[in-house]
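J.: Fold the following for me, if possible:
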Amino acid sequence: MCGGVKLLRMQVREMRFLTSEEVETLAASIREPYGVLVHTLAYGGLRWGEAVALRRGRCELLRSRLHVVEALSETSKGLVFGPTKTSQRRTVVIPGFLRNLLAEHLAAHGGVDPDALVFPSPAGAPMRRGNFHRRLWRPAVEAAGLEGLRVHDLRHTCAALLIAENAHPKAVQAHLGHSSIQVTMERYGHLFPSDAEDLADRLDATRRRTVADAGRTDEASEVAGLLATVPSLA
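T.: The predicted model follows:
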């Protein structure tokens, strides 16, 4: 029986968002060729498992598109390629600079096999999060002066960058691959511009017009009254 047992409250870690300048500093601090991975996470918004499962044949760079169809997961049986977190495929349209960086990266690494991973480990195998964090991520984060930064914070950064460019919530949802718009708004709703101040300004304007109209009406009545006292010239 569980009566009277207090459940531990889950601690939700605060999101962290980088500026575009901090993204550049981090990308320059990490060992090559993983600066491109940093940019892909920060501007493509892919989840870690999606990024390290991305294959060459799913980079449609002539159209600036990445086709996200699977993710790499670490299980008790080892690394497993499977569906994305939401079990949905999506196409991410990437900015031109990222398209160019990926084109250069693919030309320099990995051969031409369409099934080859875009971001394998330094040994050429599928990337393990722990190894990446210990050998590549942590030293880069410390060098960039971004202590405590998580890989997943780059996904949050992508959302913040999109919202700063006035992206519609549905566009953010599609880019990040959220299962619903509710998920997007629950996580990032506080970043979208608030209409409250604009609405307050509009209410101010409404009252000013009302007061002005009332003033003109009173003035017209007063003038009519004065005219009524003036003798007719007839």
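
J.: Report how many residues lie close to the closest residue to residue 69 other than its chain neighbours.
T.: Using CB to CB, 6 or more residues apart in numbering and skipping residues adjacent in sequence, the residue nearest residue 69 is residue 89, 4.6 Å away. Where C-beta positions appear, they are placed from N, C-alpha and C, glycine not excepted. A count of nearby residues for residue 89, using other CB atoms under 10 Å, gives 13.

J.: Distance of residue 89 relative to residue 19?
T.: Relative to residue 19, residue 89 is positioned 31 Å away (CB to CB, to the nearest Å).

J.: Then residue 115?
T.: Counting by CB to CB, the gap from residue 115 to residue 19 is 36 Å.

J.: Looking at these two, which has the bigger crowd around it?
T.: Between residue 115 and residue 19, residue 19 has the larger neighbour count (other CB under 10 Å), namely 12 against 8.

J.: Could I get the phi/psi values of the more buried one?
T.: Dihedral angles phi and psi of residue 19 (degrees, to the nearest 10) take the values phi -80, psi 170.

J.: what about it, distance to residue 165?
T.: Using CB to CB, we find residue 19 at a distance of 13 Å from residue 165.

J.: Check residue 14 too.
T.: According to CB to CB, residue 14 and residue 165 sit 23 Å apart.

J.: helix, strand or coil for the residue nearest the centre of the chain?
T.: Geometric centre of the chain, nearest residue: residue 159, 1.1 Å, by CA atoms, centre = their mean. Under DSSP: H, G, I helix; E, B strand; the rest coil, residue 159 falls in the helix class.

J.: Now do the contacts for the nearest residue to it once chain neighbours are set aside.
T.: Spatial nearest neighbour of residue 159, excluding adjacent residues (CB to CB, 6+ apart): residue 188 at 4.9 Å. Counting by CB atoms under 8 Å, 6 or more residues apart in numbering, residue 188 makes contact with 156, 159-160, 163, 172.

J.: switch to 7 Å and redo it
T.: Contact partners of residue 188, counting by CB atoms under 7 Å, 6 or more residues apart in numbering, are 159, 163, 172.

J.: you'd agree it is in a helix?
T.: Yes - judged by three-state DSSP, residue 188 forms part of a helix.

J.: Please tell me the pLDDT value assigned to it.
T.: Listed pLDDT for residue 188 reads 91.

J.: helices and strands of this protein: which one has the lowest mean pLDDT?
T.: Across the helices and strands of the chain, the lowest-confidence element by mean pLDDT, DSSP states H and E is helix 196-229, at a mean of 76.

J.: can you list the domains in the protein?
T.: Split into domains by automatic domain parsing, the chain comes to 20-191, 195-227.

J.: weakest of these in terms of mean pLDDT?
T.: In terms of mean pLDDT, the lowest-scoring of the domains of the chain is domain 195-227 (a mean of 76).

J.: neighbours of the residue lying closest to residue 103 once chain neighbours are set aside, just the number please.
T.: If the residues on either side of it in the chain are set aside, residue 103 comes closest to residue 61, at 5.2 Å by CB to CB, 6+ apart. Residues near residue 61, counting by other CB under 10 Å, number 15.
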